[in-house]
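Colleague: Need coordinates for the below:
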Amino acid sequence: MPYAKRSTLPWTITDGRAGNVRQAVALASALRLGGQQRLQLQPQAPWRWLSPRLLPGAAGGFGEVFQNLAGTAPGLAIGCGRQAAAALRVLAQRGTRTVQILDPRINPRHWDLLVVPEHDRLRGANVLTLLGSLNPVSDDWLAWGRAAFSSFEQLPGPRTALLVGGPTDHAPWQDADIQPLFQQLAARIRADGGSVLATTSRRTPKPVTQALLAAFDDVPGVIWSDGGDGSNPYGGLLGWADRIVCTPDSVNLLSEACATRVPVGVLLGQRAQGRMARFQQALRDRGRLLVGLEALDADVTLPVEPLRETVRIADEVRARLGL
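Modeller: Residues are numbered from 1 along each chain as shown. Okay, here's the model as predicted:
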């Protein structure tokens, strides 16, 4: 059947999860195609259960907005996550070139290109691999973070950014594991001087957040622990950090920390398993990841090579698809 004139801007398609949105938007931005149209799916049963496999009527299975816009299918669509993988297949049937981020767990032939982390096992002629995850962190992005949170410049240095996630199947750490490390880090900052720039995530257990607040109660700095603390200063934390310490549970957090030009240490790295353990080992092999609080003792006069995979992947996508 004929379709209306195609959208000239690429679409980024996700289920709305922050990590998926961040990767799709980062790649679309790096392609520099004049902008992007962001679309959050509203998947319905049974399509939601079976994605990325398709059932008849799939164009209507991902919400009214997607169904209405699919009539003007774009020339290029970038999706991240399992739900997006199925929506991309619908658009591919209408002539859209598709880029799927993350392993869809079925044959990669259903998409023009796939972008997956090296620590996953998927390989193929149309599969591009990267160390870590796609993200927006660049020198310009970090400069924006410093400008947006310029008040952080008044905090005493060295400034230690502390990025706290939460336990996962691939990094099953416990509340009791992290609390002594908070206390050790706080003690180092009190003894050596400096300040802390800390943030938690939606996955951070409440007892961990409480332990964080208690440990750094008398330490200069900023702690963002929920939406009640105002705008998330994440860009400012990375932009002003002299060193960064992360929990071991998030590829996205570690990738973005390692995209800066400062030393990065991982707390409880020994708790990582499977894909997460392979990823962290690759970072250590590259000389980009230190163990725990070793980041506080790193020689800051030595140059740091930032982990910047997004631009390289965007260049490859552009070349492969002739953009």
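Colleague: Every contact and neighbour count from this point should use C-alpha atoms.
Modeller: OK.
Colleague: So, low pLDDT: which residues of the stretch 201-323 of the chain?
Modeller: By pLDDT under 70, the low-scoring segments of the stretch 201-323 of the chain are 226-230.
Colleague: so where do the strands sit in it?
Modeller: 221-224, 243-246, 264-266, 290-291 (DSSP state E, counting those that start in this stretch).
Colleague: just checking, what packs against the last one?
Modeller: With contacts defined as 3 or more C-alpha pairs under 8 Å, 6 or more residues apart in numbering; DSSP states H and E, the secondary structure elements packing on strand 290-291 are strand 264-266.
Colleague: what does the strand it packs on contact?
Modeller: 243-248, 257-258, 288-295 (C-alpha atoms under 8 Å, 6 or more residues apart in numbering).
Colleague: Please tell me how far it is from the chain's geometric centre.
Modeller: Centroid displacement of strand 264-266 relative to its chain, using C-alpha atoms, centre = their mean, to the nearest Å, is 16 Å.
Colleague: Just want the most central residue of this structure.
Modeller: With distances taken as C-alpha atoms, centre = their mean, the residue of the chain nearest its centroid is residue 252 (3.2 Å).
Colleague: so what's it closest to, chain neighbours aside?
Modeller: Distance criterion C-alpha to C-alpha, 6 or more residues apart in numbering; nearest residue to residue 252, sequence neighbours excluded, is residue 133 at 5.8 Å.
Colleague: What strand or helix carries the one you found?
Modeller: Using DSSP states H and E, residue 133 falls within no helix or strand.
Colleague: Can you tell me how far it is from residue 198?
Modeller: 22 Å (C-alpha to C-alpha, to the nearest Å).
Colleague: neighbour-wise, which of those two wins?
Modeller: residue 133 (27 against 24; other C-alpha atoms under 10 Å).
Colleague: related to what we said a few turns ago, what residues are up against the residue nearest to the centre of the chain?
Modeller: Residue 252 is in contact with 19, 132, 133, 134, 135, counting by C-alpha under 8 Å, 6+ apart.
Colleague: Find the pair from those residues with maximum spatial separation.
Modeller: 19 and 132 (12.4 Å; C-alpha to C-alpha).
Colleague: which one of those two has more residues nearby?
Modeller: residue 132 (27 against 19).
Colleague: that older thread, want to throw the contacts of residue 252 into a markdown table with distance to residue 206?
Modeller: Below are the contacts of residue 252 laid out as a markdown table (distance: C-alpha to C-alpha, whole Å):
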| residue | distance to residue 206 |
| --- | --- |
| 19 | 21 |
| 132 | 28 |
| 133 | 27 |
| 134 | 29 |
| 135 | 27 |
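Colleague: Which residues belonging to the longest helix seen in the chain are considered buried?
Modeller: If you go by DSSP state H, the chain has its longest helix at helix 175-192. Residues 175, 178, 179, 181, 182, 183, 185, 186, 189 are the ones in helix 175-192 that count as buried (16 or more other C-alpha atoms under 10 Å).
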